[in-house]
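**Student:** Got a sequence here, can you model it:
(2 chains)
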Amino acid sequence: MERGHEPGEAIDGFRLVEQLPSGGMASIWRVSRDGADMPMLMKLPLLRPGEDPVTIIGYEVEQMVLPRLSGPHVPRFIAAGGFERPYVVMEFVDGPSLKSLLEKTPLPPDEVARIGAKIAFALHDIHRQHVIHLDLKPSNVILRGENAVLIDFGLSRHDQLPDLIQEDAGGPVGTGAYIAPEQVLGDRGDPRSDLFALGVILYFLATGKRPFGEPQHADSWRWRLWWDPPPPRALNPSVPPWLQEIILRCLEVDPEARYATAAQLAFDLQHPDQVNLTRRAARLRREGICTTAWRWMRRPRNRPTQQRRALTRYLADAPIVLAAVDFEAGHESVNEALAQAVRRVLATEPNARLACINVLKIARLTLDKLEDSEGRNPHLGRLAELKHWARAIPVAPGHVTYHVMESTDPARQLIDYARHNRVDHIVIGASGGSRLRRRLGSVSAHVVADAPCTVTVVRSSGGETSSGEREHT
Amino acid sequence: MWIGLFSDIHANREALEATLAHARRAGISHFVFLGDYVGYGADPAFAINTVMREVEAGAVALRGNHDAAIAVGTGGMNSVAAEALDWTRPRLDSSQREFLAGLPMTFEDGPRLFVHASANDPEHWEYITSIESASRSFLATDAQATFCGHVHVPQLYHLSSTGKIAGFQPVQSVEIPLLPQRRWLAVLGAVGQPRDHNPAACYGALDTERNALTYVRVPYDNETTARKIRQAGLPELLSRRLIEGT
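**Tutor:** Numbers count the residues shown, from 1 in each chain, chains lettered A, B, ... in the order given. As a prediction, this is how the structure comes out:
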């Protein structure tokens, strides 16, 4: 592969159309093939003598990982060459790179949150498919319609396949501005490393500055183990406390202190009013010298030695649980059983997040009054009821949110909400056994039929058609 | 083409039947047996007859150290293995003994090499349990992929184009692409006596077109096998380890 390529040249049935700019690890071409139904690109690794071995290893990783990934957040894998002629052909993702937005920074907070949630959903999607990206940065994110698409999986790790990078690289591998502290220590198995990199991106989008600069040498990457960047609000006072809270939580040195999953991060980015504000939100300057010195002394020095959790466990331990509560008459006893069932679900999953939801059924979307006869917003009363219902569920403040919505079709509303927020488990009370209910159709039956996740339907033990809990997956 | 890779059956009838049936259900019709049909278990004649039948139908069978020890004796083996082989020998007829004695040590199929223990001096029966022993095997062959058994613990070593060797513990049922830019050494688990704390029988499923290997685990009726070993008067340890997978 030492010689250059020319437009018009054919490689295994793919015709080179146009060379695209690349980072120097590979030459990248737009390619075409008869009958192809999508735009494609071909990556040809540069196998020159003396080339950094990570180049060829990264090519191998991409060849191994990309065919395992599917969905709207990754380019589709099309073909790979053999030993004699190494290449990878994949879908060409058309859209602006996130890098093109950097010159417009700082962006407004809602824009930062909107982009951040898209990237978080993309990360959650690949994490669910056993892959950690480990080189997330603006040039590896393409915004295509409603989705962020992640590209360049050359440094990624598939949880169930050999980690070729770990074996070959002498030290940490990544991009200086974005690499997570545990990656600096050689740990390549934590999906929350991608959340740190996303935190760096959010910081950059919100302030126009990179929190750790752009250190080129691995030696200086260790700084981030004890040196905290200035809080975003110190650089840009228009950053609201909730956004600073989210960004600084992503940038925590200890992965345990970050969001448990990308889906939980996306949840906060989509519900700014529900972000649990801590000391992080209020800070206006860097930690003092004493704290920094303390952090330096206590910094982790080696990669964690404890048994590595499987990637799927990280996600399974931190689900988003939706409790659908109905306050219509006749639901009192089932609501008690519902609280009991939610307690049980949360008891086994300490990092779970609970979203308590009450959907008000309305006749039509636009003509209903937004106030009751005394001029109060009916949602406030419902919100109080919802919080009152949840008081018996032991859950940390940052782990629970309350939502009252209105809809002409409550079941559809719950299903859409679950899909939009990557909910893992819906717990819902059965609609009761009255003849009227059966005639009107049951919300829980509709949710069971169409939900994108596990659904537990709860009945009260004294109910007319008592049958305990039923779980559908 | 799919090839079923069966190693270390060790006279375990129930495991052999379960894995063969599993492979056939999965559409596998070609087989390579990587040796050690006898020893430890109570059904040596059944194991040999089954493999003989498969060989007549086109399968390849290689020789393992326990198979060789039927003819040449148990020198160098531990006492439990030696005791089991002394129990086995009189239970084989002459055609079965001849079959074992006539087995080849290695089989080459294009870029692939099959051997019981190691490509490095196969009759030395070296265990591949470390980067060092894996590197000796890599050095002894040009094959892009070597498949062996002998250790009873699944492991997959790979040698990069930069000369680095690493080991990987395969995840069951997950297909691993044997990428063309590196060389591979697949230590298959045991059909008849797994020792990786998972008592399910193990075999390899190799897709030669896509050059991808899957380590398959098949739970089988190991309680019956363990009981037969006890009833045969073989050492108790051999019975217990099938239940625990040790």
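**Student:** who touches residue A:68 in this structure?
**Tutor:** Residues near residue A:68 by CB atoms under 8 Å, 6 or more residues apart in numbering or on different chains: A:129-131, A:158, A:161. Heads up, the C-betas are built off the backbone N, CA and C, glycines and all.
**Student:** Of those, which ones also sit close to chain B?
**Tutor:** Near chain B, judged by CB under 8 Å from any CB of the partner chain, the entries from the contacts of residue A:68 are residue A:161.
**Student:** Out of the contacts of residue A:68, flag the one nearest to chain B.
**Tutor:** Nearest to chain B, judged by CB to the nearest CB, of the contacts of residue A:68 is residue A:161 at 6.0 Å.
**Student:** Over to that closest one. Which of the three states is it?
**Tutor:** Classification of residue A:161 by DSSP: H, G, I helix; E, B strand; the rest coil places it in coil.
**Student:** how close does residue A:451 get to chain B?
**Tutor:** 28 Å (CB to the nearest CB, to the nearest Å).
**Student:** Quick check: that residue touching residue A:418?
**Tutor:** Yes: applying CB atoms under 8 Å as the test, residue A:451 and residue A:418 come out as touching, 5.7 Å apart.
**Student:** quick revisit: top of the contacts of residue A:68 by neighbour count?
**Tutor:** With neighbours taken as other CB atoms under 10 Å in any protein chain shown, the top of those is residue A:131, carrying 26 neighbours.
**Student:** Got the phi and psi for it?
**Tutor:** phi -120, psi 130 (degrees, to the nearest 10).
**Student:** Correct me if wrong: it contacts residue A:155.
**Tutor:** No: using CB under 8 Å as the test, residue A:131 is too far from residue A:155 to be in contact (11.2 Å).
**Student:** Relative to its centre, which residue of chain B is most distant?
**Tutor:** Distance to the chain centre peaks in chain B at residue B:162, reaching 30.0 Å (criterion: CA atoms, centre = their mean).
**Student:** That one: what's its closest spatial neighbour, skipping adjacent residues?
**Tutor:** Using CB to CB, 6 or more residues apart in numbering or on different chains and skipping residues adjacent in sequence, the residue nearest residue B:162 is residue A:53, 4.2 Å away.
**Student:** residue contacts, the one you found?
**Tutor:** Counting by CB under 8 Å, 6+ apart, residue A:53 has contacts A:168, B:160-162.
**Student:** Next one, pLDDT for it please.
**Tutor:** Listed pLDDT for residue A:53 reads 70.
**Student:** hey, where'd the strands end up in chain B?
**Tutor:** B:2-6, B:30-33, B:60-61, B:106-109, B:112-115, B:145-152, B:155-159, B:165-168, B:176-177, B:183-189, B:201-207, B:212-218 (DSSP state E).
**Student:** I'd guessed residue B:160 sits against residue A:167; true?
**Tutor:** Yes: with contact defined as CB under 8 Å, residue B:160 reaches residue A:167; the gap is 7.0 Å.
**Student:** Spit out the residues that contact those two alike.
**Tutor:** Common neighbours of residue B:160 and residue A:167 (CB under 8 Å, 6+ apart) are residue B:166.
**Student:** Tell me the bridge partners for the nearest residue to residue A:86 once chain neighbours are set aside.
**Tutor:** Nearest residue to residue A:86, sequence neighbours excluded (CB to CB, 6+ apart): residue A:45, at 5.7 Å. When bridges are called by DSSP bridges, residue A:45 pairs up with residue A:26.
**Student:** What separation do you get for residue A:45 and residue A:204?
**Tutor:** 29 Å (CB to CB, to the nearest Å).
**Student:** repeat for residue B:63
**Tutor:** Taking CB to CB, one finds residue B:63 at 63 Å from residue A:204.
**Student:** Contacts only, for residue A:326.
**Tutor:** Applying CB under 8 Å, 6+ apart, the residues contacting residue A:326 are A:334-335, A:358-359, A:429, A:431, A:443.
**Student:** The same query, at a cut-off of 10 Å, please.
**Tutor:** With contact set as CB atoms under 10 Å, 6 or more residues apart in numbering or on different chains, residue A:326 has these partners: A:334-335, A:338, A:357-361, A:410, A:428-432, A:443-444.
**Student:** how about it, secondary structure?
**Tutor:** coil.
**Student:** The closest residue to residue A:235 other than its chain neighbours: what's it in contact with?
**Tutor:** Using CB to CB, 6+ apart and skipping residues adjacent in sequence, the residue nearest residue A:235 is residue A:207, 4.2 Å away. Shown in contact with residue A:207 (CB under 10 Å, 6+ apart): A:105-107, A:112, A:229-236, A:238-239, A:244, A:247.
**Student:** What about residue 95, how many residues nearby?
**Tutor:** Reading this off chain A. 14.
**Student:** actually chain B
**Tutor:** Counted with other CB under 10 Å, residue B:95 comes out at 10.
**Student:** So what's the residue count around residue 159?
**Tutor:** I went with chain A, as the question did not name one. Quick note: residue A:159 (other CB under 10 Å) scores 21 neighbours.
**Student:** that's the other chain; I wanted chain B
**Tutor:** 20.
**Student:** How about it, nearest residue that isn't a chain neighbour?
**Tutor:** Excluding the flanking residues, the one nearest residue B:159 by CB to CB, 6+ apart is residue B:183, at 4.4 Å.
**Student:** what's near enough to touch the one you found?
**Tutor:** B:111, B:138, B:141-146, B:157-161, B:165.
**Student:** doesn't residue A:196 make contact with residue A:177?
**Tutor:** No: between residue A:177 and residue A:196 there is no contact under CB atoms under 10 Å: 11.4 Å.
**Student:** More neighbours: those two, which one.
**Tutor:** Using other CB under 10 Å as the criterion, residue A:177 and residue A:196 rank with residue A:196 on top: 24 against 19.
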